[in-house]
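Trainee: Generate coordinates for the sequence data below:
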Amino acid sequence: MFREPSQTPGTRPGTTQVTLPLVCSRWKEVVLNTSELWGDVAVDYHARREREPATTSFQSAHNWLNRAGMTPISLSIYVYGALESQVAAISQILLSSFHVTSLEVRSFHSFLLVPTNNLSRLEGLTLTLYKPMRTTNNFPRLSEMPSLKELYLHLDPGDFVDITSIYLIPWHQLRVFHLSENYWPSQMLLNILQQCKSLVECTLFVKLEHGQHKYDIVLPNLENLLLDMDGEGSADPFIRSLTLPNLRTLDIRPLTWSTKLLLNPKAIITMAQRSGFNKCLTDFSLCLTEQPVDVRSLLGSMSALESVQLYGPLMFQPGTFDDLSSGTIGPRLEEIYFGTMSDEEIGVLLETVGQRHEKAKTVSDIRAFASVTGGCISGCNFESHKQRAKQYSEAFNAYVEFF
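Mentor: The predicted structure follows:
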């Protein structure tokens, strides 16, 4: 870690790379020529402490990186209160001629620092902008990144007057795309997703808007998707726009766990049928929703599930528990979490645990439940359920609990 400007000029950072050359001239020669030792660097730059031109502050880091040679470099840069000229200097000095493969840039109370030079070997990029110096600037145009595969963005598009350049990111190359904390308009995300045919893993913070989205977006390689959704609009149009034929994990959640998402579960069933979730989807989690979830219909469209979390409200059609015990629905299910349930529903679910256990003994394609948990409605017979759950846990070698 280089802290710039240095509080105590002339001092050496107490790192192995600096200590080893002091042993003797032979060790110094070996260390300085072992490029792998110099490929992991962090620069912590506080612009307001700057007294000399910004170029002076980064000379030590520049010299350090020079020793990495052709070794892949992992570089982190943290910038506090930097002006445009200072940001430009950092980009020019630290990103112009090195073989950076992983770059993390965090800008605090500053202008956004982005690579503006051609980073031909860059595979992973993280951009963070926290409390920008002002919100009148445009989203900068990034350099060419022909090897980029992973992108992490922690920034608010509302902090930029013009975000046109964000569409010039090589979205078609990405295998991993993660947003964090800041919600992006659903329309913008759908426009981006149209280009993301290579995505394998994705986290989206979606600001739901009023109106309908007429999209048919197929993401043929996507395996893991987390949708964190917030806003006044319905989630249905966004969900219905996606076809995900190779999805393995799907997690849908709202801003806070106590918030009910404006989502009709039928939209998920439609997406499941169109995508073919019966083939691949093994893990599914759905937050609280405004409309009740028909457990039988939902699980019937996801027969490959191994783990499911449904926070409710839940609707158990006649025959739902029979189908669970026999393996007609959810034959591979091993872990179940159901939200608030009535006394009667909890009692039947407990019996289902035992019946499923016996069924799994005789049918190889059906798995016994390993974990069954759920919530009790207020006023239920909690102590009785707790005691019975303990008995079933011991009898069938499973984790069973209600709270």
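Trainee: which regions of the stretch 151-300 of the chain sit below the pLDDT cut-off?
Mentor: For the stretch 151-300 of the chain, the stretches with pLDDT under 70 are 212-213.
Trainee: As a check, name the ranges of all strands in it.
Mentor: Here the stretch 151-300 of the chain has its strands, by DSSP state E, counting those that start in this stretch, at 176-179, 184-185, 201-208, 217-218, 224-231, 242-243, 249-254, 283-286, 293-294.
Trainee: ok, and what's touching the first one?
Mentor: Strand 176-179 has contacts (Cβ atoms under 8 Å, 6 or more residues apart in numbering) with 124, 149-154, 171, 196, 199-205. C-betas here are computed from N, CA, C, even on glycine.
Trainee: And these, which is closest to L255?
Mentor: Nearest to L255 out of the contacts of strand 176-179 is F205 (Cβ to Cβ; 9.0 Å).
Trainee: Does the closest one touch P185 like I think?
Mentor: No - counting by Cβ atoms under 8 Å, F205 stays clear of P185, with 10.5 Å between them.
Trainee: From I192, how far out is P170?
Mentor: 12 Å (Cβ to Cβ, to the nearest Å).
Trainee: More neighbours: F205 and P185, which one.
Mentor: F205 (21 against 15; other Cβ atoms under 10 Å).
Trainee: Tell me who's in contact with the more buried one.
Mentor: Here F205 is in contact with 179-184, 228, 230 (Cβ under 8 Å, 6+ apart).
Trainee: swap the cut-off to 6 Å and go again
Mentor: Counting by Cβ atoms under 6 Å, 6 or more residues apart in numbering, F205 makes contact with 179, 183, 228.
Trainee: my read: the last one touches R253, true?
Mentor: Yes - counting by Cβ atoms under 6 Å, D228 does reach R253; the two are 5.4 Å apart.
Trainee: Show which residues not belonging to the helix ranked longest in the chain make contact with it.
Mentor: In the chain, with assignment by DSSP state H, the single longest helix is helix 343-362. Contact with helix 343-362 is made by 321, 324-325, 327, 366-369, 372, 380-381, 385, 388, 392, 396, 402, as judged by Cβ under 6 Å, 6+ apart.
Trainee: ok, now stretch 182-194?
Mentor: Residues contacting stretch 182-194 (Cβ under 6 Å, 6+ apart): 156-157, 171, 204-209, 213, 215, 217, 230, 238, 241.
Trainee: hmm, 8 Å instead?
Mentor: With Cβ under 8 Å, 6+ apart, stretch 182-194 has contacts from 154-157, 163, 166-167, 171, 204-209, 213, 215, 217, 219, 228, 230-231, 233, 237-238, 241-242, 255.
Trainee: And for stretch 61-81?
Mentor: Under Cβ under 8 Å, 6+ apart, the answer for stretch 61-81 is 2, 4, 17, 32, 35-48, 86-87, 90, 93-95, 98-110, 113, 121, 133.
Trainee: now these: which count as buried?
Mentor: For the contacts of stretch 61-81, a burial check counting by 16 or more other Cβ atoms under 10 Å picks out 2, 4, 35, 37-39, 41, 43, 45-47, 86-87, 90, 93-95, 98-108, 110, 113, 121, 133.
Trainee: From those residues, which land in strands?
Mentor: Using DSSP state E, the subset of the buried ones among the contacts of stretch 61-81 located in strands is 2, 4, 41, 43, 45-46, 100-108.
Trainee: which among these gets closest to F277?
Mentor: S102 (33.6 Å).
Trainee: contacting residues around that closest one?
Mentor: S102 touches 72-75, 122-124, counting by Cβ under 8 Å, 6+ apart.
Trainee: ditto for F2
Mentor: Here F2 is in contact with 13, 41-44, 58, 60-61, 64 (Cβ under 8 Å, 6+ apart).
Trainee: repeat that for 6 Å
Mentor: 43, 60-61.
Trainee: and it, what are its bridge partners?
Mentor: Beta bridges link F2 to V43, judged by DSSP bridges.
Trainee: can you pull the pLDDT of it?
Mentor: Looking at F2, its pLDDT is 81.
Trainee: Equivalent analysis for the one 3 residues further on, please.
Mentor: In the prediction, the pLDDT value recorded for P5 is 74.
Trainee: Filter the contacts of stretch 182-194 down to the buried ones and hand me the PyMOL line.
Mentor: To isolate the buried ones among the contacts of stretch 182-194 in PyMOL, judged by 16+ other Cβ under 10 Å, type:
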select buried, resi 154+155+156+157+166+171+204+205+206+207+208+209+213+217+219+228+230+231+233+237+238+241+242
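Trainee: Next, count neighbours for F403.
Mentor: Neighbours of F403 (other Cβ under 10 Å): 10.
Trainee: just the helices in the protein please.
Mentor: Here the chain has its helices, by DSSP H, at 16-19, 25-32, 54-57, 59-66, 84-94, 186-193, 236-240, 265-275, 277-280, 295-300, 320-326, 343-362, 382-396.
Trainee: export the ones you listed to TSV and tack on distance to L247?
Mentor: Output for the helices of the chain, formatted as TSV (distance: least, Cβ to Cβ, whole Å):
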stretch	distance to L247
helix 16-19	44
helix 25-32	48
helix 54-57	46
helix 59-66	40
helix 84-94	37
helix 186-193	14
helix 236-240	12
helix 265-275	6
helix 277-280	6
helix 295-300	15
helix 320-326	23
helix 343-362	25
helix 382-396	31
